[in-house]
Structure formats: structure tokens, C-alpha cells
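# coords below, sequence missing:
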DNA sequence: TCCTGATTAGACCGACCGGTCTATATAGTG
DNA sequence: CACTATATAGACCGGTCGGTCTAATCAGGA
């Protein structure tokens, strides 16, 4: 049994499975699930079709699930990192949005939210992708909520603000892509951050200067 | 030359062109541009392929443009109506979002924003649909901005709040579809409305009780 | 070394895609 | 009525879709 393959590949190139997931994630992020064919994914990943169906017997949907989960983890990590770097939830929102806006601009407005496009394409349909998408959104929102709670904001308010912040960022990413203007994301996030800063709070949860 | 065809059809069924646009708008709204085939549109509209390419010589993209424009006009009218019914911008945002949330729930979460899905699918690509989508978003935001200005809110603030409100609604519609929960839209809009109400303003522009 | 399962490789499949084309029906006008 | 532009009707096209299948290759243990 020699199929662990996670600890660094012989050369430096990631394993086939990893390459497939990365290629799929990037292409789905750019043009959505239905807008990308297997042939395109395979050529970007430089892998034959046999490998795809070896690693993902359920085919395209299973690959998409893996890609969504990878993207979900990546962004959640960025969110946590933005919280650490910023110190509080307001700065986290601004920092995270700035990061996304930068990625958007760097990719010439092709790479928006890796989840939103698939979310809209698949919403309402019975496919398994819907559940994956919903779970990712919930996790992101929960991360935001916990951060707000950590700043001493009341439960109900943290809930509402987390929902608002995630909605605003997701929506702004759509507008920003359509109008090719990353500042729309930064400005929306700036408003949310300002709103968070005016929110009454019980006590600050982090140590350091008050 | 007898091709005016706008004033009511002989029976009660709308003309072929109209049926095509409506069918396309609905299906694109549900599953996006790439996710819907011509055959499906034709069968829903009960029209043959010849009619499609008679009325829309440029094919699917031209049909999509027409569908987007129809949807854009429809929602802009709803926005204006929500403003009239609510009296001010804050109530407009809440009323409009409530309308969208209701539609979303009534359609079992299949019918979200008719523009967002196509916006994400096509963003960054050179296609002509991108421009149409951007123009619609700009118009919606401008309607919001003017309403805020009419309430006596300063230029810069009206700009920022219009962007935030549209972003929040669009984003909340994504989350709401994914999680099958229309209240996410109402709650996000409620927060935006509350924010608008706290905004300092020069004078109220509408008559009636102060 | 040989053997065995994991993996790669890509030919191949039926279905469906958007689009073109010819033929027919329909309605308005002289 | 005949004539003509409009509109309907759908067969047909090459290409691509996601998915299946068999064969070749590869790596590692006995």
C-alpha cells in the first residue's frame, strides 16, 4: 500500500490528485462549474482522464467538492490570519476584504470568490455541491461571529453583523468583478468595519494595550 | 412592415419573442447562462429554433442580453416602487429586500438575483454580456444613491451607502440561496436600513410629517 | 527477480451543445 | 385574389460534453 502521497513529491511538482484539485479550483473560480469542461481541467493539470477517474471515481462533482473544500479552508485560514494581523474584528474585515480585492485585481478580475459562482449555479438543485457550499458559508460566518464575540459584542449583534459582513463582501465581489473595480470591495468592507467599531461591547477579550 | 407586435397579442399569450425572453430570463436566473441549453429555453417558451434565430440573429448571447435587460428594468421598477411605498431610502432597502426574499422563498430558493449568476460566470471574459451586467448594476446603485441623496444624505455618504446596500443585498441573496433561508436577506437589509437611519442628513426632501 | 496493485494514458461512447439551413405557413397589402 | 415580407418549423451540422473502458506503465515488497 503505497498511496499516502501527501509528504512532498519526489521532484517538487505536487501529486496528480493535488494538481487536479488546484486546476479545478482555479477554473471553477473563474468561470463556474458548468462553464469549465473536464478537458480544460485536465490540460491545466497536465493529467490524463484516467487519473481523474482514478482519484475521483464520482467524476466532476467529486472533484468540484474537493476544490470547494480546499478553497473554503484556504479562505478560512486567511480570515483567521487577518484577525491575528488586525487584532480585532473590524480590522479583520478590512484586511480580509483588502486581500480579496488585491487578488481580484491581480487576476485582472477573473478570480472572485471561489464559492459564490458554484453556489449560484447549483442553488436549489438537488446536487451534492449545494450542501458543501452551504457548509463553507456557514463556517466563514461562524468564524466572523466568533471574532465579533471575542471583541465583546453581544450574541445577537455578533450574529447579525457576521451575516452582514459576509453578505457585503460577497456582494461587493460580484459588483467589483462586473465593474472591474476592486475598490468597491474595500469601500464596502470599510463601511462594515466602521459599523463594527461603533458597536457597543462588554469587554475586550484580547490582552495588550486597551 | 408589420412587426411592431408590442400592443397586446391577439389571444392572451404573449408573442414568441416575449415568451423566449421570459423563458430565458427565468432559466438563466435559476441556473446561469452556461447551465441552460437552448433546447430547454425553446421548450419552455414553446417555440422552434427557427423563431429564436429569427428574433435573435446573434443567438444565445443576444437572447441573454435581452433577458438581462428585462430583468434589470423589472427590478429597477421594483426598487422605485419600494421607495414610493416606504417613503425613504431606509424603508426602500428593507422593502426591496423583503420582496426579493419573498420571491426567493416562493420559488423554493431557485430564483435569486437574475443578474448575479451571469455576472459571475461571465466576469473577466471579453463577452458582451459583461458590459450589460455592469450597466445594470450601475443603474441599480445609482437609483439607490439618488434615493439617499433625496433624503438629504451627503454625496460621499450616499455613494458609499448605495454601494454597501447593493453589495449586502446581492451577497445575502447568495447566502440565502445556499442555506435556503430567506431571512438572511431580510436581516442584512435590516442592518443596512438601521445604518441609513442613523446617518446625519441635511434636510428631508419629501413633504409630509417631519 | 517476479509479482501485484496503484496509477497513467488516451481511445472511444452516446448525448447534447449552439448554430445553420431549407421549407412551410401566416398575415398584411396591392 | 396574388404577392411579399414575416415568422414558424425542425432536420441537420460539427464540436464538445461527462463518463467508461482497456492497455500500458510504474513502484514496491516478497
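Yes, it's here. For clarity, every value in this text was computed on a predicted model and none was experimentally measured.

# please count neighbours and contacts with C-alpha atoms only from this point.
OK.

# so how far is stretch A:35-45 off the chain centroid?
Centre-to-centre, stretch A:35-45 and its host chain are 21 Å apart (CA atoms, centre = their mean, to the nearest Å).

# near DNA strand C at all, it?
No - residues of stretch A:35-45 are not located near DNA strand C by CA under 7 Å from any atom of the strand, the shortest gap being 9.4 Å.

# residues contacting that stretch, please?
With contacts defined as CA atoms under 8 Å, 6 or more residues apart in numbering or on different chains, stretch A:35-45 is touched by A:16, A:19-20, A:22-24, A:27-28, A:48-49, A:52, A:60, B:34-35, B:121.

# and if you look at stretch A:179-192?
A:90, A:93-94, A:97-98, A:101-102, A:104-105, A:108-109, A:164-165, A:168-169, A:172-173, A:175-176, B:134, B:160-161, B:163-164, B:167.

# low-confidence ranges in chain A?
A:1-12, A:203-210 (pLDDT under 70).

# strands of that one, start to end?
Ranges of strands in chain A, per DSSP state E: none exist.

# residues of stretch A:81-93 that come out buried?
Within stretch A:81-93, the residues that qualify as buried are A:82, A:83, A:86, A:87, A:88, A:89, A:90, A:91, A:92, A:93, counting by 16 or more other CA atoms under 10 Å in any protein chain shown.

# and which of the residues you listed is nearest residue A:156?
Nearest to residue A:156 among the buried residues of stretch A:81-93: residue A:89, at 15.6 Å, using CA to CA.

# I'd assumed residue A:148 was in contact with the closest one.
Yes - using CA atoms under 8 Å, residue A:89 is in contact with residue A:148, at 5.6 Å.

# gap between stretch A:46-62 and the chain center?
Going by CA atoms, centre = their mean, where stretch A:46-62 is centred and where its chain is centred differ by 23 Å.

# quick check: the most centrally placed residue in chain A vs residue A:115, distance?
By CA atoms, centre = their mean, the mean C-alpha position of chain A lies nearest to residue A:75, the distance being 4.0 Å. Residue A:75 is 10 Å from residue A:115, where distance means CA to CA, to the nearest Å.

# next one: residue A:73
For residue A:73, the distance to residue A:115 (CA to CA) stands at 11 Å.

# and those two? Which one has more around it.
Higher neighbour count among residue A:73 and residue A:115: residue A:115, with 24 against 15, using other CA atoms under 10 Å in any protein chain shown.

# mind listing what that one touches?
With CA under 8 Å, 6+ apart, residue A:115 has these contacts: A:29, A:68, A:71, A:72, A:133.

# give the contact list for the second one.
Contact criterion CA under 8 Å, 6+ apart gives A:25, A:114, A:115, A:132, A:133 as the residues in contact with residue A:68.

# tell me how many other residues crowd the closest residue to residue A:47 other than its chain neighbours.
Among residues not flanking residue A:47 along the chain, residue A:16 sits closest, at 6.8 Å (CA to CA, 6 or more residues apart in numbering or on different chains). For residue A:16, the neighbour count with other CA under 10 Å is 18.

# kindly list the longest helix within chain A.
Longest among the helix segments of chain A by residue count, using DSSP state H, is helix A:60-86.

# is any residue of that one near DNA strand D?
Yes - against DNA strand D, helix A:60-86 shows contacts by CA under 7 Å from any atom of the strand at A:60, A:61.

# that helix close to DNA strand C?
No - Helix A:60-86 stays clear of DNA strand C (CA under 7 Å from any atom of the strand), getting no nearer than 13.6 Å.

# how far is that helix from where the chain is centred?
Its chain's average C-alpha position is 5 Å from that of helix A:60-86, according to CA atoms, centre = their mean.
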